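Engineer: A structural model of the following input is requested.
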Amino acid sequence: MNPLRCSVLPSGRRTPGGCDILRGVSVATADLYAELRPLLFSIAYRMLGTVTEAEDALQEAFLRYHRALRDGTVVDNPKAYLTTTVTRLSLDVLSSARRRRESYVGEWLPEPVLDDSLPANLGPARSAELAESLSMAFLVLLESLNPIERAVFLLRDVFGYEFAEVADFVDRTEDNCRQILVRARAKVDERRPRYESSPQRRAELAERFFAASNRGDLAALKQLLAADVEWHADGGGKAPAVARTLVGVDRVLRLFVGLLGQADQFGVRLEPTLLNGQPAALTRTADGKIASVFVLQIADDRIVAVHAVVNPDKLRHLGDVADVRAMVGQVRGTRSHTVSG
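Structural biologist: Coordinates of the predicted model:
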């Protein structure tokens with residue numbers, strides 16, 4: 001069995017098998033995994049936008065490190081070795097993933113993550129950078145960068161590596177990395193999302209939003225939405241979802257009214273939480289399965305965007321997933337039977 005294959009996911013769940021993730025490796029390697037996993041996962045997830053692919057990159061990097069030591073290779077700087085390996089694996093995956101996303105059904109959104117396991121002992125400025133770079137809106141923005149731009153921007157501006165280190169990680173010259181960063185910064189600054197600066201204020205507004213949702217209080221909901229609020233949904237062709245972004249408070253509110261009605265019909269409940277560092281909710285069916293997630297983007301004391309992920313493939317790392325398509329089909333079939341009968 002691959003000694004690194006069964007990992008603990010950010011949500012705290014284990015990948016299938018429940019095996020010891022470091023079976024057969026040295027205590028030193030196990031300690032190194034515990035020490036560097038938060039940083040390496042943070043890099044891979046921001047590079048790829050998916051928990052599953054980030055986990056795969058992380059596991060493959062440690063497997064290669066384990067093999068190198070086993071074969072007698074001297075690794076003077078394990079952190080640099082592993083960061084380089086994770087970065088280059090992520091670049092390879094991202095290059096092919098971009099082609100897949102061009103044919104993706106509907107809007108593509110990142111896989112939501114409950115806990116990014118950020119590196120400890122960061123200063124306030126670096127913590128703020130990392131929190132911003134984790135949000136759904138920011139990860140979607142990063143899709144406008146090509147893979148090498150994304151890597152250089154994240155490694156330099158988000159994780160604070162020196163240019164010499166970044167150049168080694170991506171196998172480019174320092175001058176080339178500086179040029180790449182200028183282009184990447186221009187693209188990011190042009191579309192950088194708006195954020196509410198106070199986490200406490202975000203939490204208060206989200207609490208009001210979900211409370212109003214549970215009450216079905218449309219007037220209160222409308223007051224919390226920005227005039228130009230956007231609704232983004234990702235069903236991936238595997239669950240019902242709006243195919244294109246909706247913009248405007250009235251359009252979004254009409255959609256939300258319909259969803260609230262379906263929630264009552266299906267016995268779905270909202271479970272407030274934090275996803276990607278932002279106020280969010282898991283929607284759970286009566287038997288506790290996850291039907292979807294909603295992540296709120298808040299700025300200027302209003303909800304400026306909602307990111308809804310319904311694609312079951314992007315929710316499995318969070319828990320057992322409901323078959324939303326079957327649920328909707330069952331209700332429609334019941335209606336048809338009633339009318340025809």
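Engineer: isn't there a strand covering residue 243?
Structural biologist: No: applying DSSP: H, G, I helix; E, B strand; the rest coil, one finds residue 243 to be coil, outside a strand.
Engineer: for it, phi and psi?
Structural biologist: Dihedral angles of residue 243 (phi, psi; degrees, to the nearest 10) stand at phi -70, psi -30.
Engineer: next, count neighbours for it.
Structural biologist: 10 (other Cβ atoms under 10 Å). Placement of C-beta: from N, CA and C, glycine included.
Engineer: go ahead and confirm it touches residue 108.
Structural biologist: No: the pair residue 243 / residue 108 is not scored as a contact, 11.7 Å apart, by Cβ atoms under 8 Å.
Engineer: what segments of the stretch 51-200 of the chain are helices?
Structural biologist: In the stretch 51-200 of the chain, the helices defined using DSSP state H, counting those that start in this stretch lie at 51-70, 78-102, 124-134, 136-142, 147-153, 163-170, 174-191, 199-215.
Engineer: include mean pLDDT and distance to residue 247 when you put these into CSV, please.
Structural biologist: Output for those, formatted as CSV (pLDDT from 0 to 100; distance: least, Cβ to Cβ, whole Å):
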stretch, mean pLDDT, distance to residue 247
helix 51-70, 92, 28
helix 78-102, 91, 22
helix 124-134, 73, 23
helix 136-142, 95, 14
helix 147-153, 97, 26
helix 163-170, 97, 36
helix 174-191, 97, 15
helix 199-215, 90, 18
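Engineer: wait, which of these is closest to residue 326?
Structural biologist: Smallest distance to residue 326 across the helices of the stretch 51-200 of the chain (Cβ to Cβ): 22.9 Å, for helix 51-70.
Engineer: only the buried residues of the closest one, if you could.
Structural biologist: Buried residues in helix 51-70, counted by 16 or more other Cβ atoms under 10 Å: 51, 53-66, 69.
Engineer: return the member of these nearest to residue 136.
Structural biologist: residue 51 (13.2 Å).
Engineer: tell me which stretches of the stretch 201-341 of the chain form helices.
Structural biologist: 218-224, 249-266, 324-340.
Engineer: I'd guessed residue 260 sits against residue 210; true?
Structural biologist: No: judged on Cβ under 8 Å, residue 260 makes no contact with residue 210 at a distance of 11.4 Å.
Engineer: thinking again about what came up before, now tabulate the helices of the stretch 51-200 of the chain in TSV and tack on distance to residue 323.
Structural biologist: Shown next, in TSV, are these (distance: least, Cβ to Cβ, whole Å):
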stretch	distance to residue 323
helix 51-70	19
helix 78-102	23
helix 124-134	29
helix 136-142	24
helix 147-153	34
helix 163-170	41
helix 174-191	35
helix 199-215	23
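Engineer: to residue 252, which of these lies closest?
Structural biologist: Of the helices of the stretch 51-200 of the chain, nearest to residue 252 by Cβ to Cβ is helix 199-215, at 12.1 Å.
Engineer: can you pull the buried residues of the closest one?
Structural biologist: Those would be 202, 205-206, 208-210, 212-213, for helix 199-215 by 16+ other Cβ under 10 Å.
Engineer: dump those residues into JSON lines; add distance to residue 150 as well.
Structural biologist: Shown next, in JSON lines, are the buried residues of helix 199-215 (distance: Cβ to Cβ, whole Å):
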{"residue": "202", "distance to residue 150": "26"}
{"residue": "205", "distance to residue 150": "30"}
{"residue": "206", "distance to residue 150": "29"}
{"residue": "208", "distance to residue 150": "35"}
{"residue": "209", "distance to residue 150": "31"}
{"residue": "210", "distance to residue 150": "33"}
{"residue": "212", "distance to residue 150": "37"}
{"residue": "213", "distance to residue 150": "34"}
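Engineer: what's the closest of the residues you listed to residue 319?
Structural biologist: Nearest to residue 319 out of the buried residues of helix 199-215 is residue 210 (Cβ to Cβ; 19.0 Å).
Engineer: how close does that closest one sit to residue 293?
Structural biologist: Applying Cβ to Cβ, to the nearest Å, one obtains 13 Å for the distance of residue 210 from residue 293.
Engineer: joint contacts of those two?
Structural biologist: residue 281 (Cβ atoms under 8 Å, 6 or more residues apart in numbering).
Engineer: ok, back up a step: out of the helices of the stretch 201-341 of the chain, which is closest to residue 38?
Structural biologist: helix 324-340 (32.5 Å).
Engineer: and that closest one, average pLDDT?
Structural biologist: For helix 324-340, the mean per-residue pLDDT is 58.
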